[in-house]
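based on what follows, work out the 3D shape:
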Amino acid sequence: MKTVWMSPEQTEGEGPLEELRTALRHVLPPGVSASIRLSSGRTVYVTARDISRTGACVIRRGSLEVVAQEEVLLDVSDYERNQSISLPARVQWVKTKSYNTLVGLVFSDGPLLPGTMLDQYLDQTLKARGSVAE
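This is a model prediction of the structure:
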């Protein structure tokens, strides 16, 4: 399965562009924090807008000095469960909107494999959606 990443303008609204994103996106639960380690070595705290098995969209309040194709590490931590994971990622796009910077990331090592900390959240989200639809 190939994931096509789009900028926020391309994913807003209905139509064929929205259909091109093939990976199901999920929201992380409250209490799970995220940060990006930039290629410069600087760590910047972000909010994970959504995440999938192949990438993530993160938001930084204010400016964020990243460019497309930059290699970064996405660090996600759940302090209640005492778990964390670091995922190598490549910046696909950067968009400034109001006072926020949105960044699209694709995981460099490919889709997340079952058994990772994030896999638990992705499964829980799918179960919650399934129970609502029944």
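
for the top strand by length along the chain, packing partners?
Counting residues, the longest strand found in the chain (DSSP state E) is strand 83-97. Contacts defined by 3 or more C-beta pairs under 8 Å, 6 or more residues apart in numbering; DSSP states H and E place strand 83-97 against helix 8-11, strand 55-61, strand 71-78, strand 100-107, helix 117-133. Placement of C-beta: from N, CA and C, glycine included.

list the buried residues in that strand.
L87, A89, R90, V91, Q92, W93, V94 (16 or more other C-beta atoms under 10 Å).

buried sites along the helix or strand hosting T47?
For T47, the host element (DSSP states H and E) is strand 43-51. Buried residues in strand 43-51, counting neighbours by 16+ other C-beta under 10 Å, are found at V44, V46, A48, R49, I51.

what's the answer for stretch 66-73, then?
Neighbour-count burial for stretch 66-73 flags V66, E70, V72 (criterion: 16+ other C-beta under 10 Å).

gap between the residue nearest to the first one when sequence neighbours are not counted and E71?
What it means is V66. Counting by C-beta to C-beta, 6 or more residues apart in numbering, V66 lies nearest to V91, which is 5.2 Å off, once chain neighbours are set aside. To E71, V91 is 8 Å away according to C-beta to C-beta, to the nearest Å.
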